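Student: Provided below for reference: sequence and predicted model.
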Amino acid sequence: MKMLPFILGRAVVAALTILVIITASFLLTRLAPGGPFDAEVDLDPLVKANLERTYGLDQPIAVQFRRYLGALARGDLGPSTTYPDRSVSELIADGLPISLRIGLAALAVATSVGLAIGITAARARNSVLDAGLMGAASLGVALPAFVTAPFLTLVFGIYLAWLPVAGWGDGSVRHWVLPVVALALPQIAAISRLTRGAMLETLSADFVRTARAKGLPERRVIAVHVLPAAVLPVVSYLGPAVAGVITGSVIIEQIFALPGVGRYFVQGAINRDYGLVLGVVILYASALILLNLLVDFAYGWLDPRARART
Amino acid sequence: MLLVVSGLRVSYPAPGGRVTVVRGADFAVESGECLAIVGESGSGKSQALLATLGLAGPGAEVSGSALFEGEELVGMPSRRLQQLRGDRIGLVFQDSITGLTPHMTVGEQLAEVLVVHRGAGRQAARAEAREMLEVLQIPEPDYRLGQYPHELSGGMRQRIMIAMALLCRPSLLVADEPTTALDTTVQAAILRSFAKLKQHAGTALILVSHDLGVVAGLADRVAVMYAGRIVEMAPAERLFAAPRHPYTQGLLASTPRLDRAPSAPLPAIDGQPPDPASVPEEACAFRPRCKVARPACAAGRPPPVEVAPGHRVACLAAEPA
């Protein structure tokens, strides 16, 4: 496989995608009614004009966009109007470690638990266990995070009082558990359903019969012959799963009052903090694109037939 | 006798009660002998073998007896069956694109057999796998070992599968439609390698096929299966020369032959193979399609009768000669 041209090609496409996303978000945020200095009590028009001049918001949109891209090229995400004493880059640098930890933990939990449930259900096909697991998974797909999160808080934070209700505290695992679980639940549900389907399909493939005919122990048949083929759809789903975790984290960080990036995103949007919203959008878009790229590589590694095509 | 199967029954769960697909099959194979089991699809010929080897689908119920080298296979713990499969008993299926694991190289899939059954190291297993490819006269064995199944032709995939089945030098090779998906020249080459195997290694061969032409050159004895039972069994030459069961006669008549005018219409057996769910237990299953059926055929299932040495027929019309 010719690696370098492939990687370069993908990198160009990724950069273009991000540029399109930046342009669209830039225009959309500015088209939305209101601005960063509109509040319930109107500012003195002179003060407001002064502020807008400071942030360059008095310029035509094309000029603002050009300036923004110029700064971005130097790695500067610009100022935040909500936190005037801090830059968007600083805010993201503060929140990112927390969001990243929660997000990656949720993904890891979702993948491992989802796979385990899917495999168990597939091997116990059409049993009560299978029906129970898949029923729960349907429920998990249907329930949004803003329903499960308060419910989890109520049970484990208040009634049982095992875990903190909210907040990051000292960052210890106790504070992670509920947000990670709430974030992972819908993904666990989706991945386990996907895994079950893929397992059942693979189990009926001719090569599984061949593997059994060779007298391989059942464990080896599943682990070596079935699983690598059955996880392919799950690997492809990791892209959308990351998107789900990101959008979920916006809500979850709000509910659990975690000082992550998602909270800034919400605040930025409410306060029309253009720089902050754009900064977070760029971060999310890059994360998604990067992960999809990784998924493509993993796919080629798992499936020799895909390797030939790239 | 290497394998003696008697009174074998196989049934599957189905909506509205179990469906029996094999209803009391009896056959046996000796070392170095080739037994062919022929019949239309759905006759139970594959099921009879898969079930005895523990490869029947979920929910299958197997009863009767199958003695392999003195060991009873029916009801044998699955771990012991596993040890026999791939080691003492090799299996080859009809070639399909997904017949070999797509994400493993040919070498990995071959070596695995020796690692599992013989506890061989990776290197030794690979060397032995290479040797087996040479024995089967597969060109460029080293190159083949590094290839993935999708890079192989159908004929090559099938030869790899045969190599896989023979790695542990089994005493019995079961080949289920081994040449059905292949073109005629490849088919001939594979049948030749089976013949050599039988002759030199003394491996017993059970060849399951719907194609009498494939069977003709290779089989020592032929068993004809219909609706889950063996209706006729005879030494190959005798069966082709003097078939006694009306079904066998129909099958032979409907096989295309070079010594007949190509324009002559090919005779066909009237009607359809029976649905396994509605085969009568106490009547001849072939009766609805039979040209020589008589009232007595509906009254009871004809017992197998020996019409000549080694030639058994289950038909009321086939009185001893």
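Tutor: Received, thanks. All values reported here derive from a predicted model rather than from experimental measurement.
Student: List the buried residues of stretch A:271-287.
Tutor: For stretch A:271-287, burial by neighbour count (16 or more other C-beta atoms under 10 Å in any protein chain shown) applies to A:271-285, A:287. C-betas here are computed from N, CA, C, even on glycine.
Student: pull the CA atoms of it into PDB?
Tutor: Extracted C-alpha coordinates of stretch A:271-287, given in PDB (Å, rounded to 0.1, in the frame of the first residue of the first chain):
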ATOM      1  CA  ASN A 271     -23.400  34.900  25.100                       C
ATOM      2  CA  ARG A 272     -22.700  35.200  21.400                       C
ATOM      3  CA  ASP A 273     -19.000  34.800  22.200                       C
ATOM      4  CA  TYR A 274     -18.000  34.300  18.600                       C
ATOM      5  CA  GLY A 275     -14.400  33.500  19.200                       C
ATOM      6  CA  LEU A 276     -15.200  30.900  21.900                       C
ATOM      7  CA  VAL A 277     -17.800  29.100  19.900                       C
ATOM      8  CA  LEU A 278     -15.600  29.000  16.800                       C
ATOM      9  CA  GLY A 279     -12.600  27.800  18.900                       C
ATOM     10  CA  VAL A 280     -14.600  24.900  20.300                       C
ATOM     11  CA  VAL A 281     -16.100  24.100  16.900                       C
ATOM     12  CA  ILE A 282     -12.600  23.800  15.400                       C
ATOM     13  CA  LEU A 283     -11.500  21.600  18.200                       C
ATOM     14  CA  TYR A 284     -14.500  19.300  17.900                       C
ATOM     15  CA  ALA A 285     -14.200  19.100  14.100                       C
ATOM     16  CA  SER A 286     -10.500  18.300  14.300                       C
ATOM     17  CA  ALA A 287     -11.100  15.600  16.800                       C
END
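Student: can you give me the strands for the stretch 51-200 of chain B?
Tutor: Taking DSSP state E, counting those that start in this stretch as the criterion, the stretch 51-200 of chain B contains strands spanning B:61-68, B:71-72, B:89-92, B:172-176.
Student: Which among the ones you listed is found nearest to chain A?
Tutor: Closest approach to chain A among the strands of the stretch 51-200 of chain B (C-beta to the nearest C-beta): strand B:89-92, 3.8 Å.
Student: That closest one near chain A anywhere?
Tutor: Yes: using C-beta under 8 Å from any C-beta of the partner chain, strand B:89-92 reaches chain A at B:L91.
Student: Am I right that A:A93 is in a helix?
Tutor: Yes: under DSSP: H, G, I helix; E, B strand; the rest coil, A:A93 sits within a helix.
Student: so where's the chain shaky on pLDDT?
Tutor: No chain specified, so I'll use chain A. A:1-3, A:40, A:307-310 (pLDDT under 70).
Student: Oops, wrong one, chain B.
Tutor: B:319-321.
Student: Identify each of the helices in it and give its residue range.
Tutor: Applying DSSP state H to chain B gives helices spanning B:45-52, B:78-84, B:106-118, B:122-135, B:141-145, B:154-166, B:184-201, B:212-216, B:236-241, B:246-253, B:296-299.
Student: out of those, deepest packed?
Tutor: For the helices of chain B, the largest average neighbour count (mean count of other C-beta atoms under 10 Å in any protein chain shown) is found in helix B:45-52, namely a mean of 27.
Student: what does it rub up against?
Tutor: Identification of contacts with helix B:45-52 by C-beta atoms under 8 Å, 6 or more residues apart in numbering or on different chains yields B:5, B:8, B:10, B:21-22, B:25, B:37-39, B:56, B:60, B:62, B:66, B:73-74, B:174, B:176-177, B:206, B:208, B:225.
Student: can you put the strands of the stretch 51-200 of chain B in a markdown table and add mean neighbour count and distance to B:S78?
Tutor: Listed next are these as a markdown table, based on neighbours: other C-beta atoms under 10 Å in any protein chain shown; distance: least, C-beta to C-beta, whole Å:
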| stretch | mean neighbour count | distance to B:S78 |
| --- | --- | --- |
| strand B:61-68 | 18 | 12 |
| strand B:71-72 | 11 | 14 |
| strand B:89-92 | 28 | 14 |
| strand B:172-176 | 24 | 18 |
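Student: CSV for those strands, including distance to A:D303?
Tutor: As requested, those are exported to CSV (distance: least, C-beta to C-beta, whole Å):
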stretch, distance to A:D303
strand B:61-68, 36
strand B:71-72, 40
strand B:89-92, 26
strand B:172-176, 28
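Student: so what's residue 68 up against?
Tutor: You didn't pick a chain, so chain A it is. Taking C-beta under 8 Å, 6+ apart, one finds A:26, A:78, A:278 in contact with A:Y68.
Student: Let me rephrase: I mean chain B.
Tutor: Contacts of B:F68 (C-beta under 8 Å, 6+ apart): B:2-3, B:84, B:88-89, B:172.
Student: bridging residues for it?
Tutor: B:L3, B:E71 (DSSP bridges).
Student: buried sites along stretch B:280-292?
Tutor: By neighbour count on 16+ other C-beta under 10 Å, the buried set for stretch B:280-292 is B:283-287, B:289-290.
Student: Dump it to PDB, keeping only the CA atoms.
Tutor: Output in PDB follows, covering the C-alpha atoms of stretch B:280-292 (Å, rounded to 0.1, in the frame of the first residue of the first chain):
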ATOM      1  CA  PRO B 280     -44.500 -40.200   5.100                       C
ATOM      2  CA  GLU B 281     -42.900 -42.400   7.800                       C
ATOM      3  CA  GLU B 282     -44.700 -45.600   6.800                       C
ATOM      4  CA  ALA B 283     -44.600 -45.500   3.000                       C
ATOM      5  CA  CYS B 284     -42.000 -45.300   0.200                       C
ATOM      6  CA  ALA B 285     -41.000 -41.600   0.000                       C
ATOM      7  CA  PHE B 286     -40.300 -41.900  -3.700                       C
ATOM      8  CA  ARG B 287     -43.800 -43.300  -4.500                       C
ATOM      9  CA  PRO B 288     -45.400 -40.000  -5.700                       C
ATOM     10  CA  ARG B 289     -42.700 -39.600  -8.400                       C
ATOM     11  CA  CYS B 290     -42.200 -43.300  -9.200                       C
ATOM     12  CA  LYS B 291     -43.300 -44.800 -12.600                       C
ATOM     13  CA  VAL B 292     -43.500 -48.300 -11.200                       C
END
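Student: What lies in contact with it?
Tutor: B:23, B:226-229, B:231, B:245-247, B:250, B:269-272, B:274, B:279, B:293, B:297-302, B:314-317.
Student: how about 6 Å then?
Tutor: B:226-227, B:246-247, B:269-271, B:274, B:279, B:293, B:297-298, B:301-302, B:317 (C-beta atoms under 6 Å, 6 or more residues apart in numbering or on different chains).
Student: Which of those has the largest number of neighbours?
Tutor: Counting neighbours by other C-beta atoms under 10 Å in any protein chain shown, B:Y226 comes out on top of those with 27 neighbours.
Student: picking that back up, out of the buried residues of stretch B:280-292, the closest to A:L178 would be?
Tutor: Using C-beta to C-beta, B:A285 comes nearest to A:L178 of those, at 65.6 Å.
Student: With adjacent residues omitted, what lies nearest to that closest one?
Tutor: Leaving aside its sequence neighbours, B:A285 sits nearest to B:A227 (C-beta to C-beta, 6 or more residues apart in numbering or on different chains; 3.7 Å).
Student: Now do the contacts for the one you found.
Tutor: The contact partners of B:A227, by C-beta under 6 Å, 6+ apart, come to B:274, B:279, B:285.
Student: The stretch 1-150 of chain B against chain A: which residues are in contact?
Tutor: B:55, B:82, B:85-87, B:91, B:96, B:98-101, B:103, B:113, B:116, B:148, B:150 (C-beta under 6 Å from any C-beta of the partner chain).
Student: Hmm, B:D95 is touching B:L152, no?
Tutor: No: judged on C-beta atoms under 6 Å, B:D95 makes no contact with B:L152 at a distance of 10.0 Å.
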